[in-house]
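K.L.:
return atomic coordinates for the entry below.
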Amino acid sequence: MKKRLPGIFALAGYSLLVIAPLYLALDRLVWVAGFDPYAWINSLNENYITQGVIGFTFLQATLSTLFTLIIGIPIAWQLGRHKWPLQSFVKSILTMPFVMPSIVAAMGFLHIIGPAGLNIRVDESTMVHDPNNCSCLVQYGSRDQVL
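P.N.:
Modelled structure (predicted):
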């Protein structure tokens, strides 16, 4: 119990340092502007432009996470557990999206969604996030150290 007590205090202190400023900022926003963010979030489904935006965001984030894990874990496992020729070359190619300039990623995103504008579907927006997420997973998951 004595070993856990400093960890509990550290977690509580860190949580307080993160949550307290957010709460105070939100309280100040409501007090100064007379703006109620909870009412705004609840009104998102009333406007035809923003209908379903929260559900779409959670669906896209969930699918992106699942696809990243399905693709990235086997690659990171292979790179981290086995040695084979050109391994460093393959790892550098796979982590290239992680160091690519954001303008190149934006141009790739615009190329994927096409000339129709921002008619983004779930599969297209998931495809855009997966190379960046997979490169992070490969970079950190394929280390030589075993935890």
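K.L.:
helices or strands up against the strand or helix carrying Leu24?
P.N.:
Leu24 belongs to helix 4-33 when assigned by DSSP states H and E. The contact analysis (3 or more Cβ pairs under 8 Å, 6 or more residues apart in numbering; DSSP states H and E) places helix 4-33 against helix 37-42. In this view, the C-beta of every residue, glycine as well, is placed from N, C-alpha and C.
K.L.:
CA-only coordinates of the helix it packs on in CSV, if you can.
P.N.:
C-alpha atoms of helix 37-42 as CSV (Å, rounded to 0.1, in the frame of the first residue of the first chain):
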residue,chain,number,x,y,z
PRO,A,37,-21.7,25.0,-24.9
TYR,A,38,-23.9,22.1,-23.7
ALA,A,39,-26.9,23.6,-25.5
TRP,A,40,-24.8,24.1,-28.7
ILE,A,41,-23.7,20.4,-28.6
ASN,A,42,-27.3,19.3,-28.2
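K.L.:
returning to that earlier point: how distant is the helix holding Leu24 from the center of its chain?
P.N.:
The chain centroid and the centroid of helix 4-33 are separated by 22 Å, computed with Cα atoms, centre = their mean, to the nearest Å.
K.L.:
one more: stretch 82-98?
P.N.:
Taking Cα atoms, centre = their mean, the mean C-alpha location of stretch 82-98 is offset from the chain mean by 23 Å.
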